[in-house]
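Visitor: Using only what follows, build the 3D model:
(chains A and B)
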Number of protein chains: 2
Amino acid sequence: MSDVLPQPDDVLAASARIAPHADVTPVLQAGSIDDAAGCTLRFKAEHLQRAGAFKFRGACNAVWALEAAQAGRGVVTHSSGNHGAALALAARSRGIACHVVVPAGAVATKLAAIARYGAVLHRCDATLGSREATCEQVRQMTGATMVHPYADARVIAGQGTAALELLQAAGALDDLVVPVGGGGLAAGSALALQVRAAHTRLVLAEPRGADDALRSLRAGRRVETLVPETVCDGLRGLLGSPNFAILGAHRSGDGAAPVEVIPVDDADTVAAQRMLATRTKQLVEPSSAIALAAVLGAPARFAGRRVGIVLSGGNVDPDRLAWLH
Amino acid sequence: MSDVLPQPDDVLAASARIAPHADVTPVLQAGSIDDAAGCTLRFKAEHLQRAGAFKFRGACNAVWALEAAQAGRGVVTHSSGNHGAALALAARSRGIACHVVVPAGAVATKLAAIARYGAVLHRCDATLGSREATCEQVRQMTGATMVHPYADARVIAGQGTAALELLQAAGALDDLVVPVGGGGLAAGSALALQVRAAHTRLVLAEPRGADDALRSLRAGRRVETLVPETVCDGLRGLLGSPNFAILGAHRSGDGAAPVEVIPVDDADTVAAQRMLATRTKQLVEPSSAIALAAVLGAPARFAGRRVGIVLSGGNVDPDRLAWLH
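Guide: A predicted model of the protein is given here:
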């Protein structure tokens, strides 16, 4: 990871860089969900992005930003799922090697996707220490460049392109609600708003059982220990250091409002996932549905507003759909 | 129902008539499903149609084809689900009354949709006799026009517009695969091919436990008794009389090939539904997934061909998703 924080303009550069490779996903709407929420919702359908999640944007930006010699030695990351698949596909788009360190207990469908895209899987224990050590081993053996899932300037800039496209398709928004885990999408979205929509408020939806972003932003310093307990398997990571720095400094509008964080109970997230399935026929991850749950749970906050939501991914393991059991 | 069979040109007229009301649904593709199937698939996403199914097309065509005085007395139908919701929404689009006779045991989410669109629900027993008698009672009391779910010329012509749009978006197809129950979509698709794609073969996917279309077309006369046993709740109806006449007479290509019917086991249908969910994030009914199952089950038949599939509806009751239990 670079020590230099990504800047708002880096999102524009990322948008141009990934354009030949990433899909411009559709923006969905559903009148019956608007009625239930009491506001006007526009959903950026990143579950329909290549590899099934917004993660392809950041991975693609990182891979294509490498100089040729460095790219030739490949890339490496650790990921329990979507970032691994995204980096594998991004690497394949450039014809370079990709190594993915996967912790024990990762979701089966996500591992299958990573392998299908041609990456080499390296198993490790489910601790952060084991992940990082295994990555370092691979890096030393191959010379591959580490592409962190979220604490990486190029990844953050790439993730911001989803918000750019949403603003372009949906027009002005009062609020943009995105899920927060490690903060790649959240920080990238902040940069996108800074460059294109200074008045749109940024709202982060976070599992109540993994609420380190809420506590970190409130305290003004990163919470560095947390035992996450949530069905949102994509949001169990701790907010990264550059992500925290960007989000902590972000302000919107004349009142210079800071980033808001809404903690969400898993039961509400699961209900929102089910609502999206029945009303829009779209199967998204709990880590995506949480953003809708945050809006549905705060009707006074969002009443009558135009709200953008990034549906971040759709890589659901059907056997784990709790609301169906 | 009119005694006059709909003609190919009626599909073009229907297309113009419903254009202000129905959505032009997207055409989806998925490389990983193409790989599994060994052919090139184009999915017409009618689960994203208004009211969640292609049925809105036929209902809308029937409602808007009525003369003003007749329309003013409303419409009536019997339906276990999608057609009822579709007719309710179509009637609302014209500001007229809609009565829907619903049999005991119908899917809860479908009844809720019918009521949400403003129709009056009339409960009856789950026999065809009870449905028809109740419809007749409503008709006599209100003067409403009966709009049969499938054995109706205007409904058939309306259903054909999905195939028209698919051909327009996807270009030439070697095969068009649609599910068959009562035969509204099947017969409408036959007319659409006659007017626009004389060389495209028409293939019907039918539950093995409700295979009256297969046996009727093979015998040259309608099988009129059958106890359907299938998870495809949209495909339990018997092939209608005009539907049978159209499908029995349909031929394609220089060899004048008749309509093919592929019987599909429920387990294969459920596997296809799951594949669509994991690979495309789309939640469709078993009655829709059966068309993909038919293709996956006959790799030699479809190898290397360009195949269109109509994903007919997405009104799934999550509690009944068998593959998730």
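Visitor: So which bits of whichever strand or helix holds A:His99 are buried?
Guide: Secondary-structure assignment from DSSP states H and E places A:His99 in strand A:98-103. For strand A:98-103, a neighbour-count test (16 or more other Cβ atoms under 10 Å in any protein chain shown) marks A:98-103 as buried. For every residue, glycine as well, the C-beta is placed using N, CA and C.
Visitor: What strands line up against that strand, and which way round?
Guide: Within its sheet, and counting by DSSP bridges, strand A:98-103 is paired with strand A:75-78 (parallel), strand A:120-124 (parallel).
Visitor: which stretches of the stretch 1-150 of chain A have low pLDDT?
Guide: Within the stretch 1-150 of chain A, the ranges that satisfy pLDDT under 70 run A:1-3.
Visitor: any idea where the strands of it begin and end?
Guide: A:27-28, A:40-45, A:75-78, A:98-103, A:120-124, A:145-146 (DSSP state E, counting those that start in this stretch).
Visitor: deepest of the strands paired with strand A:98-103, which one?
Guide: strand A:75-78 (a mean of 27; mean count of other Cβ atoms under 10 Å in any protein chain shown).
Visitor: Any chance you could list what contacts that strand?
Guide: A:62-63, A:66, A:83-84, A:87, A:91, A:96-103, A:124, A:131-132, A:134-135, A:138-139, A:142, A:144-149 (Cβ atoms under 8 Å, 6 or more residues apart in numbering or on different chains).
Visitor: just to revisit the earlier point, the strands paired with strand A:98-103: which one's closest to B:Ala162?
Guide: strand A:120-124 (42.0 Å; Cβ to Cβ).
Visitor: Distance from that closest one to the middle of the chain?
Guide: 22 Å (Cα atoms, centre = their mean, to the nearest Å).
Visitor: Touching that strand from outside, list them.
Guide: So strand A:120-124 is contacted by A:78, A:97-104, A:111, A:114-115, A:130-131, A:133-134, A:138 (Cβ under 8 Å, 6+ apart).
Visitor: Relative to A:Val203, which of the strands paired with strand A:98-103 is closest?
Guide: Using Cβ to Cβ, the nearest of the strands paired with strand A:98-103 to A:Val203 is strand A:75-78, at 28.1 Å.
Visitor: got the CA coordinates for the closest one in CSV?
Guide: This file holds the C-alpha atoms of strand A:75-78, laid out as CSV (Å, rounded to 0.1, in the frame of the first residue of the first chain):
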residue,chain,number,x,y,z
VAL,A,75,-0.3,-9.7,-8.2
VAL,A,76,-1.2,-11.1,-4.8
THR,A,77,-3.8,-10.5,-2.2
HIS,A,78,-5.7,-12.1,0.6
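Visitor: quick one: stretch A:50-65 to chain centroid distance?
Guide: 11 Å.
Visitor: picking up where we left off before, closest to B:Ala71 out of the strands paired with strand A:98-103?
Guide: Nearest of the strands paired with strand A:98-103 (Cβ to Cβ): strand A:75-78, 61.7 Å.
Visitor: Could you list the contact residues of the stretch 1-150 of chain A toward chain B?
Guide: A:26, A:32, A:47-48, A:52, A:109, A:116 (Cβ under 8 Å from any Cβ of the partner chain).
Visitor: Farthest pair within those residues?
Guide: It's A:Ser32 and A:Arg116 that sit farthest apart of the residues of the stretch 1-150 of chain A next to chain B, by Cβ to Cβ, at 35.5 Å.
Visitor: need the helices for chain A, in chain order.
Guide: Per DSSP state H, chain A has helices spanning A:8-18, A:31-37, A:55-65, A:68-71, A:82-94, A:108-116, A:128-142, A:153-170, A:184-196, A:212-219, A:241-249, A:266-280, A:286-296, A:299-302. These are given in chain order.
Visitor: ok, now which ones touch the residue of the stretch 101-250 of chain A found nearest chain B?
Guide: Closest residue of the stretch 101-250 of chain A to chain B, Cβ to the nearest Cβ: A:Thr109 (6.2 Å). Contacts here follow Cβ under 8 Å, 6+ apart; on that basis A:Thr109 touches A:315-317, B:278.
Visitor: Next, format those residues as CSV and append distance to A:Val11.
Guide: Compiled in CSV, the contacts of A:Thr109 are given as follows (distance: Cβ to Cβ, whole Å):
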residue, distance to A:Val11
A:Asn315, 24
A:Val316, 28
A:Asp317, 31
B:Thr278, 31
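Visitor: Spit out the contact partners of A:Ala69.
Guide: Neighbours of A:Ala69 in contact, by Cβ under 8 Å, 6+ apart: none.
Visitor: Can you check which of the strands paired with strand A:98-103 gets nearest to A:Leu311?
Guide: Among those, strand A:75-78 sits nearest to A:Leu311 (Cβ to Cβ), with 23.1 Å.
Visitor: re the thing from before, are any of the contacts of A:Thr109 buried, and which?
Guide: Here, 16+ other Cβ under 10 Å leaves A:315-316, B:278 buried among these.
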